[in-house]
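Peer 1: Generate a structure from the sequence data that follows.
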Amino acid sequence: MPKKLVIITGPAGVGKSTMVRELFRMMDGCAWLDADWCWMLNPWHSQSVEQRERLIDSFGQILTTYFRDEHTHTVLFSWVIRDALLFQVIRDMVECDDIRVLPIVLICDTEEHQRRLVRDMRSEASVNRHEDMHVFKQLGVWTLDTTDLTPLQTAQDVYRYIQNQDA
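Peer 2: Coordinates of the predicted model:
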């Protein structure tokens, strides 16, 4: 059976990391890479091609290392992805043959998104700039509206989805 690369995406502040933390606890043989951990550069130069290339390379190296572990069967990768082409780019970075990619989008309504951004103490600019959920809905992959769900309920729904992909 192929190993699984579960890519969790959605707008910043929707609850990806919080949900994946719960999901990670539910799954044996699992590793988790949160892209936020790799973005922690000070200063971060968003226009720097060099920093972006190094970041993408590090994703590939970390994911490959996780998949080479014989006890790891599922890797959770959380990152804000606005272009469906990146799902294949990420897959191609991993130096392992038998992998199934399961992209998942988390969304919520605008009011709930703003509440989450404020609760997370995001900058005022982030709260006022909230992303349009429509961009993520157009990715054409399984999408879960988390507006009325707790992180645990969201993780349980995602877990069931992942398990159903084996059937």
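Peer 1: Least confident secondary structure element in the protein?
Peer 2: Lowest on mean pLDDT, DSSP states H and E among the helices and strands of the chain sits helix 124-128, with a mean of 59.
Peer 1: The longest strand seen in the chain - contacts with which helices or strands?
Peer 2: Longest strand in the chain, counting residues (DSSP state E): strand 99-107. Under the contact criterion of 3 or more C-beta pairs under 8 Å, 6 or more residues apart in numbering; DSSP states H and E, strand 99-107 touches strand 3-9, helix 85-93, helix 133-137, strand 142-145, helix 151-164. (Glycine included, C-beta is placed from N, CA and C.)
Peer 1: Tell me the buried residues in that strand?
Peer 2: Val101, Leu102, Pro103, Ile104, Val105, Leu106, Ile107 (16 or more other C-beta atoms under 10 Å).
Peer 1: can you check stretch 156-167 too?
Peer 2: Applying 16+ other C-beta under 10 Å to stretch 156-167 flags Gln156, Asp157, Val158, Ile162 as buried.
Peer 1: Enumerate every residue touching the third one.
Peer 2: Going back to what we said before, that points to Val158. Val6, Ile8, Met19, Leu23, Ile104, Leu144 (C-beta atoms under 8 Å, 6 or more residues apart in numbering).
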